[in-house]
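J.: below are the sequence and a predicted model; questions follow.
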Amino acid sequence: MTQDQLKAVVGQAALAYVPEGAIVGVGTGSTVNCFIDALGTMRDHIRGAVSSSIRSTERLQALGIEVFDAADVDRIPVYIDGADEIDHGGHMIKGGGAALTREKIVADLAERFVCIADASKLVDVMGTFPLPVEVIPMAAAQVARRFNAMPGVQATVRAGVTTDNGNPILDVRGLKITDPLAMETEVNQWPGVVCVGIFARHKAAVCLLGTAEGVKTLTF
């Protein structure tokens with residue numbers, strides 16, 4: 001199967017994790033787009049969705065799915081989103097689509113995070129994919145310097161990209177994230193950091209992994 005076919009298969013498989021009558025947390029990205037399209041086939045069986053980006057909101061609404069503001073929802077049973085990398089403990093790097101802060105907010109509302117990804121995203125140690133960090137504009141150079149002081153690490157502003165919150169993204173290359181929770185906790189405390197794209201505190205409970213043999217279910 002092609003990568004696009006794998007994304008479609010895991011997007012369809014994620015429907016099994018959507019409870020009847022629920023408000024569903026929906027992430028952002030090409031794999032999530034496949035899930036949103038599949039979710040449209042059962043729109044009459046859910047109350048609606050909470051979305052992590054303007055792009056996903058528009059796609060959901062185009063399919064007739066009501067989108068609720070996160071501020072108006074106390075809890076949701078499940079959040080379904082992709083990952084740029086996921087390790088064997090369910091920790092993820094997210095933010096390749098620049099929606100990491102809103103993704104983490106919606107994930108925090110959810111009782112369970114279901115990650116949908118193709119097999120290329122499963123890694124032993126995260127860090128090959130550049131780590132996204134959303135920062136407020138005046139702190140971009142300062143936060144980059146802190147990363148660049150680490151041996152072999154380079155942080156650069158993602159050119160031409162502004163988040164839905166109006167902020168730039170730093171992409172950090174050269175990391176080996178052996179303790180995801182510790183690094184997430186550390187970077188989140190740096191002044192000017194809005195959100196770091198390590199999802200360790202909000203890690204996946206389940207990963208539906210698209211492989212050549214079909215969907216493989218990993219539980220953490």
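T.: Received the coordinates, thanks.

J.: for A141, phi and psi?
T.: Dihedral angles of A141 (phi, psi; degrees, to the nearest 10) stand at phi -70, psi -40.

J.: give me the number of neighbouring residues for it.
T.: Residue neighbour count, defined by other C-beta atoms under 10 Å, stands at 14 for A141. The C-beta positions use only the backbone N, C-alpha and C, and glycine is treated the same way.

J.: how near is the most centrally placed residue in the chain to C195?
T.: Geometric centre of the chain, nearest residue: K94, 4.5 Å, by C-alpha atoms, centre = their mean. As judged by C-beta to C-beta, to the nearest Å, K94 and C195 stand 10 Å apart.

J.: what is in contact with those two at once?
T.: Residues touching both K94 and C195 (C-beta atoms under 8 Å, 6 or more residues apart in numbering) are L100, K104.

J.: what about the closest residue to H45 other than its chain neighbours, how many residues nearby?
T.: In this structure, H45 finds its nearest non-sequential neighbour in E20, 5.6 Å apart by C-beta to C-beta, 6 or more residues apart in numbering. The tally of other residues near E20 (other C-beta under 10 Å) stands at 8.

J.: over to E20. Which of the three states is it?
T.: On the three-state scheme (DSSP: H, G, I helix; E, B strand; the rest coil), E20 is labelled coil.

J.: helices of this protein, start to end?
T.: If DSSP state H is used as the criterion, the helices of the chain fall at 3-13, 30-39, 54-62, 100-109, 140-148, 180-188.

J.: Throw those into a markdown table and include mean pLDDT, thanks.
T.: Formatted as a markdown table, the helices of the chain follow (pLDDT from 0 to 100):
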| stretch | mean pLDDT |
| --- | --- |
| helix 3-13 | 88 |
| helix 30-39 | 95 |
| helix 54-62 | 96 |
| helix 100-109 | 97 |
| helix 140-148 | 98 |
| helix 180-188 | 98 |
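
J.: so for V73, which of these sits nearest?
T.: helix 100-109 (6.1 Å; C-beta to C-beta).

J.: would you mind pulling up the elements that that closest one packs against?
T.: strand 23-26, strand 48-51, strand 79-81, strand 131-135, strand 193-196, strand 198-199 (3 or more C-beta pairs under 8 Å, 6 or more residues apart in numbering; DSSP states H and E).

J.: show me what the fifth one is packed against.
T.: What that stands for is strand 193-196. Partner elements for strand 193-196 (3+ C-beta pairs under 8 Å, 6+ apart): helix 100-109, strand 131-135, helix 180-188.

J.: pLDDT (mean, whole number) over that strand?
T.: In this model, strand 193-196 has a mean pLDDT of 98.

J.: again with the longest one
T.: Regarding strand 131-135, the rounded mean pLDDT is 98.

J.: K176: how many residues sit nearby?
T.: Neighbours of K176 under the rule other C-beta under 10 Å: 10.

J.: look up the closest residue to it, ignoring the ones flanking it.
T.: K176 sits nearest to G127 (C-beta to C-beta, 6+ apart), 4.8 Å away.
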